[in-house]
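In: Structure of the sequence below:
(chains A and B, ligands or ions: 2)
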Amino acid sequence: MNIVVFIKQTFDTEAKIVLDGNGKIDANGVNLIINPYDEFAIEEGIKLKEKFGGEVTVVSMGGPRAQEAIRTALAMGIDKGILVNDPEVDNTDEYGRAQILAKAIAQVPYDVILVGRIAIDDGASQIAVRLAEALSIPSVSSVLKLEVAGTQATATREIDGGTETIEVSFPAVITAQKGLNEPRYPSVAGIMKAKKKPLQTLTLADLGLSAGDLSPKMIINEYSLPTPRQGGRKLAGDAAQAANELAKLLREEAKVL
Amino acid sequence: MAKGIMIIVEQRNLQIRKVSLELLSQARKIADATGEPVVAVVLGQGIDELAATVTASGADKVILIDDAKLAEYTTGAYTSVLNKLIRKEEPQAVLIGNTAVGKDLAPRLAQRLGVGLASDCTGMEADSNSFLTFKRPIYAGKAFAHLTSNVRPIMATIRPNTFPVAAPDAARQAEVVKEAAEIDAADLVAILKEVAIAASKRPELTEANIIVSGGRGMKGPENYNILEDLADVVGAAVGASRAAVDSGWKEHKFQVGQTGKTVAPTLYIACGISGAIQHLAGMGSSKFIVAINKDPEANIFNVADYGIVGDLFEVVPLLTEEFKKLVNE
Ligand SMILES: Cc1cc2nc3c(=O)[nH]c(=O)nc-3n(C[C@H](O)[C@H](O)[C@H](O)COP(=O)(O)OP(=O)(O)OC[C@H]3O[C@@H](n4cnc5c(N)ncnc54)[C@H](O)[C@@H]3O)c2cc1C
Ligand SMILES: Cc1cc2nc3c(=O)[nH]c(=O)nc-3n(C[C@H](O)[C@H](O)[C@H](O)COP(=O)(O)OP(=O)(O)OC[C@H]3O[C@@H](n4cnc5c(N)ncnc54)[C@H](O)[C@@H]3O)c2cc1C
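Out: Numbering: from 1, shown residues only, chains lettered A, B, ... in the order given. Ligands and ions are numbered 1, 2, ... in the order given. Model (predicted):
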């Protein structure tokens, strides 16, 4: 079974967000991690390989630092990596990015594509489904459980207030939700091996794409920061007094009850 | 010439989702300001009776697509039908609720139409240049992107609880049109086997008006009943911090935060939650925040409108009694 896993390098969840002189998100000095949901995708890919054999390829689009994310995935047990690194990517939106990622695996055989449910930075949750559409294959979003038999998969996915079970034939895109599995930590031996595993870097030109093919459909007018919330007041008195006062404030001042 | 604001109305078991009513209400306001009609699209089976509800909620035109294959949401069938409908109707804008359905449907549809998509928006305004502009949280609400598009239709998914639901106007009239469902065979490759909705009398976390949430301070799963009692007095949902979820006290679907649900209720009551940055990311845009925590230095007090420093096991039951009094008044 051939498996492709897409991972994005994102800001650490502890990161404070500031804007730079051009009003853009400032990535300087920010700690980068593998998008947490992509760890579930990596783990599932490795598990499928362990069970059915084959090869797992990890693909990431980002700057040179995204190599670290790929190396971590390789250390966990992925076989090879592809990095798409091109400054033009910065000017593209989800529409363009899905096409780039689709092109990036044009030469890679795959039965199943695993991605995260959402990237916690931009949080658009568009790339996986758009990628599936660009490849003309089905996708199942927010998967909690994946069972594979031959070329058929049964996926249980999270919906509002419950779950849904969906049957698809491969090839298909599966987006990973927390609960799918417990991602492993890279072992020392894994880290050593990862250094020798193949990591290919591609530009848009290598993929036969030019900026013109990818011009964004969306326009970002500006970025802004939220006005920081002010702490309000702590209610005095014993528990009974405070509870009484709170109920009153919620009714009379906040008008929420 | 593109025309109208199209709302993809979401229904489940012939119940229209609250977020769809929120979108109709807001679209109505924009329609009144811009002269663009509101076009509501309802997909499903046996949906005739829903036309009246969407009309009263603000639609000028209602398109019903009634077919057994649309009874339950599936990515393929819904995309197939809506792609064709949108190409025919040529709306200026297509708006969808950012629900499990919306998150799955909107990107697929946008890619097929070759258009952009502003996802999970918490703001939408009429704009004289580009018709609509959107505001969406990025980095889990630590920043916002303000965006628009010149490509038509302009598509967006809107976060539940962003806009209020206007009172229905039973006197409104709308043109009601029935369209046949044209579904391409290629779009029927994924088969929906089973839908399991957990029975709950409480509202969905993302749609709830009030959320009572418990963290590590709850000390164990058996203690959540005190939060549930409080929640049930006011029809609230119950949420949890990651610490509570990781301890196995609550399922992940109840987790609020950067790697859980993002919620924006009118009132969020945090009990035994310290207020870590990843938790705040998920609930920081709540209208009012109440914190109950025994540590006066807990970070949650820095964002709470009202705080009670105390033992939640003492305070919460008292609060339940106070809420009961108010509700019974
Ligand atoms: C005009 C415009 C300019 C933009 N410029 C920038 C910019 O300069 N920098 C920037 O970061 N964003 C930019 N964006 C945002 C960007 O287009 C996407 O929102 C974002 O990069 C991808 O969406 P997401 O991160 O929300 O991924 P999601 O759709 O939430 O991610 C889901 C999954 O897709 C996979 N995935 C997503 N991205 C990648 C990737 N890069 N490589 C491999 N797998 C991936 C992962 O498995 C991930 O878990 C811009 C947007 C617009 C409209
Ligand atoms: C990548 C990543 C993603 C994350 N995503 C999330 C997320 O989505 N959501 C999330 O919540 N967290 C998330 N976290 C975890 C986050 O950093 C915190 O660890 C977590 O939110 C702490 O949960 P807590 O407030 O319940 O527990 P604690 O921080 O342990 O706080 C417990 C609080 O309860 C109070 N308390 C104890 N007993 C009582 C009592 N009897 N009465 C009153 N108060 C009492 C204590 O004073 C304390 O303030 C994430 C972390 C990482 C690294």
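In: Could you check how many residues crowd around the nearest residue to A:Asp26 once chain neighbours are set aside?
Out: In space, A:Asp26 comes closest to A:Asp20 once its chain neighbours are excluded; the distance is 4.1 Å by CB to CB, 6 or more residues apart in numbering or on different chains. Using the backbone N, CA and C atoms, a C-beta is placed for each residue, glycine as well. Residue neighbour count, defined by other CB atoms under 10 Å in any protein chain shown, stands at 11 for A:Asp20.
In: Repeat that for the one 3 residues further on.
Out: Here the neighbour count serves as a burial measure; for A:Gly23 (other CB under 10 Å) it reads 11.
In: same deal with the one 4 residues further on?
Out: By the other CB under 10 Å criterion, the neighbourhood of A:Ala27 contains 15 residues.
In: and it, what does it touch?
Out: With contact set as CB atoms under 8 Å, 6 or more residues apart in numbering or on different chains, A:Ala27 has these partners: A:Phe11.
In: Just name the shakiest helix or strand of chain A by mean pLDDT.
Out: strand A:233-234 (a mean of 94; mean pLDDT, DSSP states H and E).
In: That strand close to chain B?
Out: Yes - applying CB under 8 Å from any CB of the partner chain, one finds strand A:233-234 in contact with chain B at A:233-234.
In: Who are the packing partners of that strand?
Out: strand B:306-309 (3 or more CB pairs under 8 Å, 6 or more residues apart in numbering or on different chains; DSSP states H and E).
In: Work out the sheet partners of the strand it packs on and label each with its direction, please.
Out: Here strand B:306-309 has these sheet partners by DSSP bridges: strand A:233-234 (parallel), strand B:288-293 (parallel).
In: among these, where is the model least confident on average?
Out: Least confident of the strands paired with strand B:306-309, judged by mean pLDDT, is strand A:233-234 with a mean of 94.
In: Can you list the buried residues in stretch A:229-237?
Out: A:231-232, A:234-235 (16 or more other CB atoms under 10 Å in any protein chain shown).
In: That stretch close to ligand 2?
Out: No - Stretch A:229-237 lies out of reach of ligand 2 by CB under 6 Å from any ligand atom, never closer than 13.2 Å.
In: what does that stretch rub up against?
Out: Here stretch A:229-237 has contacts from A:241-242, A:245-246, A:249, B:284, B:289, B:296, B:301-309, using CB under 8 Å, 6+ apart.
In: I'd assumed B:Pro317 was in contact with B:Asn223.
Out: No - counting by CB atoms under 8 Å, B:Asn223 sits too far from B:Pro317 to count as a contact (11.1 Å).
In: give me the element B:Ala196 is part of.
Out: Per DSSP states H and E, B:Ala196 falls inside strand B:191-197.
In: ok now that strand, how far from the chain's centre?
Out: 21 Å (CA atoms, centre = their mean, to the nearest Å).
In: Parallel or antiparallel, list what pairs with it.
Out: Here, using DSSP bridges, strand B:191-197 pairs with strand A:162-169 (antiparallel).
In: could you give me the average pLDDT of the strand it pairs with?
Out: If you average the pLDDT values across strand A:162-169, you get 96.
In: Check what contacts the helix or strand just after that strand and list those residues.
Out: Later in the chain than strand A:162-169, the nearest helix or strand by DSSP H and E is strand A:172-176. Contacts of strand A:172-176 with the rest of the structure, by CB under 8 Å, 6+ apart, involve A:37-38, A:40-41, A:44, A:112-117, A:128-129, A:131-132, A:135, A:137-143, A:146, A:153, A:155, B:190.
In: Distance-wise, check the spatially most central residue of chain B relative to ligand 2.
Out: Among the residues of chain B, the one closest to the centroid is B:Pro160, at 2.4 Å (CA atoms, centre = their mean). Remark: distance between B:Pro160 and ligand 2 (CB to the nearest ligand atom, to the nearest Å) = 18 Å.
In: does that residue sit in a helix, a strand or a coil?
Out: Following DSSP: H, G, I helix; E, B strand; the rest coil, the label given to B:Pro160 is coil.
In: Not counting sequence-adjacent ones, nearest residue to it?
Out: Nearest to B:Pro160 is B:Val19, by CB to CB, 6+ apart, at 4.1 Å.
In: And for A:Phe6?
Out: For A:Phe6, the closest residue by CB to CB, 6+ apart turns out to be A:Val115, at 4.5 Å.
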